[in-house]
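[1] prediction below, plus the sequence it came from.
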Amino acid sequence: MFVNTFFDWQFMKTDLNQNQEMHEKVLKESLPRKSVSSEELLQGQRELQILHGNDVYRLTLTRTGKLILHK
């Protein structure tokens, strides 16, 4: 009896954890994402430096209007 109860509890605990993870994922995906236009980022320039941790990235606007991210 004790063994069955222990295993039942373990399965219930696993189900609860999976349900919580799924709930958090759905909540995160449903939150609105912030959008910023490339014009706002570049502010009339053709290139923007982005600091990320210890790295510097360059966001470049090409003559054809495409954006390229360089490391």
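    Received it, and whenever you're ready, just let me know what you need. Just so it is clear, the model here is predicted, and its values are computed rather than measured. Numbering: from 1, shown residues only.
[2] can you count the residues close to the nearest residue to residue 38 once chain neighbours are set aside?
    Spatially, and ignoring its direct neighbours in sequence, residue 38 is nearest to residue 67 (6.1 Å; C-beta to C-beta, 6 or more residues apart in numbering). In this view, the C-beta of every residue, glycine as well, is placed from N, C-alpha and C. Residue 67: 12 surrounding residues under other C-beta atoms under 10 Å.
[3] which one is residue 62 nearest to, not counting chain neighbours?
    Here the residue nearest residue 62, using C-beta to C-beta, 6+ apart, is residue 68, at 6.3 Å.
[4] host element of that neighbour?
    Per DSSP states H and E, residue 68 falls inside strand 67-70.
[5] how's the chain carved up into domains?
    Following automatic domain parsing, one gets these domains for the chain: 1-33, 37-71.
[6] out of the helices and strands in this protein, which is least certain?
    Ranked by mean pLDDT, DSSP states H and E, the helix or strand of the chain with the weakest confidence is helix 2-30, at a mean of 68.
[7] hang on, the earlier thing: so for the residue nearest to residue 62, what's the pLDDT?
    As predicted, residue 68 sits at a pLDDT of 98.
[8] that one bridge partners, please.
    residue 60 (DSSP bridges).
[9] give me the number of neighbouring residues for it.
    Residue 68, neighbours per other C-beta under 10 Å, totals 10.
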